[in-house]
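*Asks:* coordinates only, no sequence provided:
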């Protein structure tokens, strides 16, 4: 498995375990787990913050170091978890949107970043969705995925203009219905 | 790969949301977040104490003749309290710490003493209690169910306190959590000393001490 794959698998496992603990009938049973997690997180946050300070004090936190830390999927995940990533949330989100732009452009979609904050990241889409395998749902997932990957501490992603790009699908819905009823008639 | 869209939130946000500090307790009546140091209400019919927010304590605690009775916030050291060793022995409490309150359900005074297994109720008839009230009239003013006489006669102490009932249960919990072996151990006794020192000085034990 690649480094990124390992991190993704660990994130999935974290989600599964949280869901399992949240599903416990007795809320008191999950308190020790929550507290253990919080204490271990605090321990790592303090140690990592100190580690970053030491690197900076040694004069080694230059652009090359910042890039190297951000590029390593496992280091980046750890720094994101503890709020210590060298790039702030708006910078990371802006980069993710820039990276998406050519891919979405090929599908007939323009994307602009409206606002990037921890409470909500807001983007605007426009254009007409093209390509026969794309639905608005897939487009939404693709954008959310890219933004949450760059800013996993974000609480929400709002995508404005999503229904308006769906011209493609609206035009083909009546046709599919006609095909279906003809087939049924033929079968009888 | 990433979380389902229904989860909202990035994975870091989800993890922090789950691990948020456990001291964010909730009001058992309305669910609002409450602090460590919160009021309690006593439900008469169920003989149960509820942790609650200040709003619920005010709202439900001050309605006449209803389900809940508010637990008073502060207690105080009873200066000049009279109790002879003979009177204490007559109560037949096996250890030096006990609390007494009027139980409105059984309509008599209950004596509880903290032990390694939690609160233990003394089953003896408390004829000596009436004598104690005659010597110490303030005892007649204890509010039923929610206020108690707390006695500390450990290690030669002769200390008496009028306390909210939740403080008695806090002491019971503190002892149960720390008691080791037959004699309790240094940790348990250290906690007991600090509890009574805080109660004597402030009429209330800071919640931080109970969880330390």
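*Replies:* Good, I have the coordinates. Note that this is a predicted model, so its numbers are computed, not measured.
*Asks:* where do the helices sit along chain B?
*Replies:* B:11-18, B:54-61, B:85-91, B:127-135, B:165-178, B:185-202, B:207-211 (DSSP state H).
*Asks:* which one of the ones you listed has the lowest average pLDDT?
*Replies:* Sorting the helices of chain B by mean pLDDT places helix B:207-211 lowest, at a mean of 62.
*Asks:* which ones are touching residue A:42?
*Replies:* Contacts for residue A:42 (C-beta atoms under 8 Å, 6 or more residues apart in numbering or on different chains) come out as none. Yep, even glycine has a C-beta here, placed from its N, CA and C like the rest.
*Asks:* in which helix or strand would I find it?
*Replies:* Residue A:42 is part of helix A:27-57 when elements are defined by DSSP states H and E.
*Asks:* by contact count, what packs against the very next helix or strand once past that helix?
*Replies:* Using DSSP H and E, the helix or strand that follows helix A:27-57 in sequence is helix A:63-71. When contacts are defined as 3 or more C-beta pairs under 8 Å, 6 or more residues apart in numbering or on different chains; DSSP states H and E, helix A:63-71 packs onto helix A:73-81.
*Asks:* ok, the residue in chain B positioned nearest to chain A - contacts?
*Replies:* Closest contact between chain B and chain A, by C-beta to the nearest C-beta, is at residue B:10 (3.3 Å). The contact partners of residue B:10, by C-beta under 8 Å, 6+ apart, come to A:148, A:149, A:151, A:152, A:153, A:154, A:155, B:3.
*Asks:* got the confidence number for the nearest residue to residue B:9 once chain neighbours are set aside?
*Replies:* Distance criterion C-beta to C-beta, 6 or more residues apart in numbering or on different chains; nearest residue to residue B:9, sequence neighbours excluded, is residue A:155 at 5.4 Å. In this model, residue A:155 is scored at 89, pLDDT.
*Asks:* wait, a strand at residue A:155?
*Replies:* No. Residue A:155 sits outside any strand when classified using DSSP: H, G, I helix; E, B strand; the rest coil, being coil.
*Asks:* widest-spaced pair of the contacts of residue B:10?
*Replies:* A:149 and A:155 (15.1 Å; C-beta to C-beta).
*Asks:* was I right to think residue A:30 contacts residue A:22?
*Replies:* Yes. Using C-beta atoms under 8 Å, residue A:30 is in contact with residue A:22, at 7.3 Å.
*Asks:* those two: which is more packed in?
*Replies:* residue A:30 (18 against 10; other C-beta atoms under 10 Å in any protein chain shown).
*Asks:* ok, the more buried one - contacts?
*Replies:* Contacts of residue A:30 by C-beta under 8 Å, 6+ apart are A:21, A:22, A:24.
*Asks:* if I look at it, how far off is residue A:106?
*Replies:* To residue A:106, residue A:30 is 46 Å away according to C-beta to C-beta, to the nearest Å.
*Asks:* now do residue B:170
*Replies:* 66 Å.
*Asks:* ok, now residue B:186?
*Replies:* 72 Å.
*Asks:* before we move on, what about residue B:56?
*Replies:* Taken as C-beta to C-beta, the span from residue B:56 to residue A:106 is 58 Å.
*Asks:* between the two, which one's more packed in?
*Replies:* residue B:56 (22 against 10).
*Asks:* the more buried one is in contact with residue B:38, isn't it?
*Replies:* No. With contacts counted by C-beta under 8 Å, residue B:56 stays clear of residue B:38, the gap being 9.7 Å.
*Asks:* distance check, residue A:26 against chain B.
*Replies:* 14 Å (C-beta to the nearest C-beta, to the nearest Å).
*Asks:* count the neighbours of that residue for me.
*Replies:* 7.
*Asks:* what does residue A:77 give?
*Replies:* Residue A:77 has 22 nearby residues by other C-beta under 10 Å.
*Asks:* let me know the pLDDT of it.
*Replies:* 93.
*Asks:* give me the pLDDT value at the residue nearest to it when sequence neighbours are not counted.
*Replies:* Spatial nearest neighbour of residue A:77, excluding adjacent residues (C-beta to C-beta, 6+ apart): residue A:7 at 4.8 Å. Listed pLDDT for residue A:7 reads 88.
*Asks:* phi, psi for residue A:7 please.
*Replies:* Residue A:7 adopts backbone torsions of phi -60, psi -40, taken as degrees, to the nearest 10.
*Asks:* distance of it from residue A:76?
*Replies:* 8 Å.
*Asks:* for those two, indicate the residue with more neighbours.
*Replies:* residue A:76 (22 against 19).
*Asks:* could you find the closest non-adjacent residue to that one?
*Replies:* Among residues not flanking residue A:76 along the chain, residue A:70 sits closest, at 5.5 Å (C-beta to C-beta, 6+ apart).
*Asks:* around chain B, pick out the residues from chain A.
*Replies:* By C-beta under 8 Å from any C-beta of the partner chain, the part of chain A that sits against chain B consists of A:8, A:11, A:14-15, A:18, A:21-22, A:31, A:34-35, A:37-38, A:41, A:80-81, A:118, A:140-141, A:144-145, A:148-149, A:151-156.
*Asks:* switch the cut-off to 7 Å
*Replies:* By the rule C-beta under 7 Å from any C-beta of the partner chain, the part of chain A lying against chain B is A:8, A:11, A:14-15, A:18, A:31, A:34-35, A:37-38, A:41, A:80-81, A:140-141, A:144-145, A:148-149, A:151-156.
*Asks:* what about stretch B:12-21, near chain A?
*Replies:* Yes. Counting by C-beta under 7 Å from any C-beta, chain A has neighbours in stretch B:12-21: B:12, B:13, B:14, B:15, B:18, B:19, B:21.
*Asks:* are any of the residues you listed buried, and if so which?
*Replies:* B:12, B:13, B:14, B:15, B:18, B:19 (16 or more other C-beta atoms under 10 Å in any protein chain shown).
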